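*Asks:* Next come a sequence and a model predicted from it.
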Amino acid sequence: MKLHLRKAGLLLTGVVVSSKLFAQTPDSTKNYVQPFSGEKNFRTWSIGAHGGMMSPYTIFRGSEDYKTPNERWGYGGYVKKQILHSFGLQANFFRGHVQGTNPDGINPFQRFETKIKYAVDISANITLANINWKNHKSFMQPYLSVGGGSMNYSTSLYAQGASSPTTRTDDYQQFYIPLGAGLKVNLAPGINLDLGYQVNFVQSDNLDGYNYGGRNDKFSYAHAGLEFALGRKSKPQLATHNPVNSMRTEYLMAERALQMQLDQQKAENQKLREDLNTTNSNIARLTVDSDGDGVLDVNDKCPNTPPGTKVDGSGCPLPAPVTKVYVTEEDKKVVKDAIANLEFDLGKATIRPKSFPSLDRVAQLLIDKNFSLKLAGHTDNTGSAELNMRLSKDRAESIKAYLVSKGANASRIEAVGYGKNQPIASNATAAGRQQNRRVEFTLY
């Protein structure tokens, strides 16, 4: 006859060649519990500790206020009471930092950093796939969790280019809903490796310090840790125990059960070797600094920076220092001479040759000292506003074009027209109108 079973989504087929299989004894006497035994025969309390990465990025993407997530460290712990094989209640605690940036400039702040001072909740923990008839103990237990709790946090907001907080809020107290999934791997009796991913839905839109769009904030916490069962070591842990297999082992012979246990142990040993190799590889990666900038590769946001480059805590080059510009009295005199000798054809933006020598000196000044220059064109009130605005702009642009033709940097010259909107004298007299027809030079 053939036996068919399903485990982890695979269909397995085995051939039974002896009728002796239906008169067998328990797989193992170690940690064996008879079917329908009470809670007193199990370890139902456990504690755990974990650490990992927090991020405003979650699998439930939605609309975020800050478009670029930054991973930061978090840590926590829990106490769990297993009520049924597949159901337990868990009291959780964690804290850490959540950070994000917004380089596209949509939001008023370039970066936020939220410090979660504490978060506590009560969650239901549902263990999946720990019931099957083949193995007396499942090696891995996937699980889901959901609950509710309260967290306290403070938020710091950073303006564009700021290294210290522009504004800060303290002691927000908010309700949140943690929704998680994970996998527990049995390392030893009563000791489990806990790999989890949790999305925390905060019941407010101020976790990132920016109320935008009317949608509540959320953040993720991917973590790894250890769980320790409390109680006598001779008792199995209820969450990892398989009640269906206990019923089966009542009817199976010892030699068949021993073979199955041996096969299972070989598979577990191979898995442990693979986990150990993976762990050693991850540890090695956590100690490597490939570009030698003092920031380990695991935290380096800008790998392969050139040798000697000064970097920040994330491994990215620090911005170049801003050089202060000094304008001397001699520099001002060159500009004043250019203004005094500046003449245009009547009603046009054509510069008269008389102005060229003084403008040449301004161009050379811009080249030698790498100054920036603002050219502001103005007119009197004669004519229409549209005509005056166009004429003032054209004259400023004409001067810019001349200076650029003499070698000045076009990116450092700004030409603006104000028309008749900024008079410096009365337009009621010819002398006043003459003063208002001007181009102002501003060095910086």
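*Replies:* All right, it came through fine. Numbering: from 1, shown residues only.
*Asks:* and residue 222, what does it touch?
*Replies:* Listed by Cβ atoms under 8 Å, 6 or more residues apart in numbering, the contact set of residue 222 reads 52-53, 55, 196-198. The way it works is simple: take the backbone N, C-alpha and C, and place the C-beta from them, glycine included.
*Asks:* Most neighbours among those residues, please name it.
*Replies:* residue 198 (25 neighbours; other Cβ atoms under 10 Å).
*Asks:* Would you mind measuring from it to residue 174?
*Replies:* Spatial separation of residue 198 from residue 174 under the definition Cβ to Cβ, to the nearest Å is 16 Å.
*Asks:* same check, this time on residue 151
*Replies:* Taking Cβ to Cβ as the measure, residue 151 falls 6 Å from residue 174.
*Asks:* overlap in contacts of these two?
*Replies:* Taking Cβ under 8 Å, 6+ apart as the criterion, residue 151 and residue 174 both touch residue 202.
*Asks:* circling back: in helices, which of the contacts of residue 222 fall?
*Replies:* If you go by DSSP state H, the contacts of residue 222 have nothing in helices.
*Asks:* Tell me which two of these sit farthest apart.
*Replies:* The span of the contacts of residue 222, defined through Cβ to Cβ, is set by 55 and 196 at 14.3 Å.
*Asks:* Skipping its backbone neighbours, what lies nearest residue 54 in space?
*Replies:* Nearest residue to residue 54, sequence neighbours excluded (Cβ to Cβ, 6 or more residues apart in numbering): residue 74, at 4.2 Å.
*Asks:* go on, residue 427?
*Replies:* In space, and not counting its chain neighbours, residue 427 is closest to residue 381: 4.4 Å by Cβ to Cβ, 6+ apart.
*Asks:* Please apply the same query to residue 148.
*Replies:* Closest to residue 148 by Cβ to Cβ, 6+ apart is residue 177, at 5.5 Å.
*Asks:* Please report the distance of the one you found from residue 171.
*Replies:* Taken as Cβ to Cβ, the span from residue 177 to residue 171 is 21 Å.
*Asks:* The stretch 151-300 of the chain: helices as residue ranges?
*Replies:* 243-249, 254-285 (DSSP state H, counting those that start in this stretch).
*Asks:* List the buried residues for the last one?
*Replies:* Right, helix 254-285. Within helix 254-285, the residues that qualify as buried are 257, 260-261, 264, counting by 16 or more other Cβ atoms under 10 Å.
*Asks:* Which other helices and strands does it contact?
*Replies:* strand 167-188 (3 or more Cβ pairs under 8 Å, 6 or more residues apart in numbering; DSSP states H and E).
*Asks:* so what secondary structure elements neighbour the strand it packs on?
*Replies:* Looks like strand 167-188 contacts strand 111-127, strand 140-158, strand 191-202, helix 254-285 (3+ Cβ pairs under 8 Å, 6+ apart).
*Asks:* do that again at 6 Å, thanks
*Replies:* If you count contacts as 3 or more Cβ pairs under 6 Å, 6 or more residues apart in numbering; DSSP states H and E, strand 167-188 packs onto strand 140-158, strand 191-202.
*Asks:* Adding mean pLDDT, write those out as JSON lines.
*Replies:* Listed next are the helices and strands packed on strand 167-188 as JSON lines, based on pLDDT from 0 to 100:
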{"stretch": "strand 140-158", "mean pLDDT": "95"}
{"stretch": "strand 191-202", "mean pLDDT": "96"}
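*Asks:* can you put these in a markdown table and add distance to residue 319?
*Replies:* Converted to a markdown table, these look like this (distance: least, Cβ to Cβ, whole Å):
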| stretch | distance to residue 319 |
| --- | --- |
| strand 140-158 | 14 |
| strand 191-202 | 33 |
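*Asks:* Tell me which of those strands sits nearest to residue 424.
*Replies:* Set against residue 424 and scored by Cβ to Cβ, the helices and strands packed on strand 167-188 come closest in strand 140-158, at 41.4 Å.
*Asks:* Just the buried residues of that closest one, please?
*Replies:* The neighbour-count check on strand 140-158 (16+ other Cβ under 10 Å) flags 140-143, 145, 147, 149, 151-153, 155-158 as buried.
*Asks:* Same list, those residues, but as CSV with distance to residue 415 please.
*Replies:* Compiled in CSV, those are given as follows (distance: Cβ to Cβ, whole Å):
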residue, distance to residue 415
140, 70
141, 71
142, 66
143, 67
145, 63
147, 63
149, 60
151, 54
152, 54
153, 49
155, 43
156, 41
157, 36
158, 34
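*Asks:* Looking at these, which one is closest to residue 272?
*Replies:* residue 140 (12.0 Å).
*Asks:* Now for that closest one: which residues touch it?
*Replies:* By Cβ atoms under 6 Å, 6 or more residues apart in numbering, the contact set of residue 140 is 183, 185.
*Asks:* Pairing partners for the residue nearest to residue 54 in the sheet, please.
*Replies:* Per DSSP bridges, the residues bridged to residue 74 are residue 52, residue 96.
*Asks:* isn't it right next to residue 96, touching?
*Replies:* Yes - using Cβ atoms under 6 Å, residue 74 is in contact with residue 96, at 2.5 Å.
*Asks:* can you give me the strands in the stretch 301-444 of the chain?
*Replies:* According to DSSP state E, counting those that start in this stretch, the stretch 301-444 of the chain carries its strands in the segments 373-378, 413-417, 438-443.
*Asks:* Select, out of these, the one closest to residue 330.
*Replies:* With Cβ to Cβ, the closest approach to residue 330 among these belongs to strand 438-443: 11.5 Å.
*Asks:* Could you tell me which other helices and strands the closest one packs against?
*Replies:* strand 373-378.
*Asks:* Identify the residues contacting the strand it packs on?
*Replies:* Contacts for strand 373-378 (Cβ under 6 Å, 6+ apart): 392-393, 395-396, 399-400, 413-418, 422, 438-440, 442-443.
*Asks:* for the protein, what are the low-confidence residue spans?
*Replies:* 1-32, 34-36, 62-63, 103-107, 129-137, 212-214, 245-255, 279-286, 320-325 (pLDDT under 70).
*Asks:* which residues do residue 74 and residue 96 both contact?
*Replies:* residue 54.
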